[in-house]
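Visitor: Got a predicted model here, sequence first, then my questions.
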Amino acid sequence: MSFWNLSDGANVDTTGEFETGGGNIEPIPANTDVLAVCDEAKWDKMGDDEFISLRWTVLKPADYKNRKVFQKVRVMDGDANKADKAKRMLAAIDANAGGKLVASGESPTDENLTKCLTNKPMVLRLQVWELETEQGEKKTGNWVSRVAPKSGGQAAPAAPAPAPAEPAAPAADDGLDDDIPF
């Protein structure tokens, strides 16, 4: 049997045309919290834009299980405010994954990103992006607006925090446990 034979023994079609079927998948609705795990973390580049690329797999709720969410963390953005915001996001993701990247104090390598950020479940709040292509076609997808620990509580700080000058106020209930359907 040839590699190109199909499971039913027929030969593969060589007309040069094939369609997989399926269709557009609607994005997960805005403000939805999902339990997800980062399964790929690496530096990436598009043109002059260098960023950290994360791929998340949704674990829960079951309606969205195994859906993929792609996140570009633009820690090298030319706009200092945007780069700072991206570093805060990366630090929060790292804190939920154990805090090893921030603790090192160094720019992470692909190997460190993979080792430190992948396979650590956490809660993501998803939003919906929308854009129009040059051909007038509308495209939509999800983006990550918030990360939180899997437990819905606070992540342990990556480094010891300075002692507060005054007693801390009780933590506000963010309602995270009540909003997550899992």
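Guide: Cool, the structure landed. Small disclaimer: the values here were computed from a predicted structure and weren't measured.

Visitor: Quick check: mean pLDDT of the longest helix along the chain?
Guide: Longest helix in the chain, counting residues (DSSP state H): helix 80-96. In this model, helix 80-96 has an average pLDDT of 96.

Visitor: what comes into contact with the helix or strand hosting residue 70?
Guide: Using DSSP states H and E, residue 70 sits within strand 68-73. When contacts are defined by Cβ atoms under 8 Å, 6 or more residues apart in numbering, strand 68-73 is touched by residues 28, 34, 36, 44, 51-58, 86, 89-90, 93, 124, 126, 141-144. Placement of C-beta: from N, CA and C, glycine included.

Visitor: helices and strands around the helix or strand that the longest helix of the chain is followed by, which ones?
Guide: The helix or strand immediately downstream of helix 80-96 is helix 100-104, counting by DSSP H and E. Here helix 100-104 touches helix 80-96, helix 110-117, going by 3 or more Cβ pairs under 8 Å, 6 or more residues apart in numbering; DSSP states H and E.

Visitor: List the buried residues for the first one?
Guide: For helix 80-96, the neighbour count (16 or more other Cβ atoms under 10 Å) marks 83, 86, 87, 89, 90, 91, 92, 93, 94, 95, 96 as buried.
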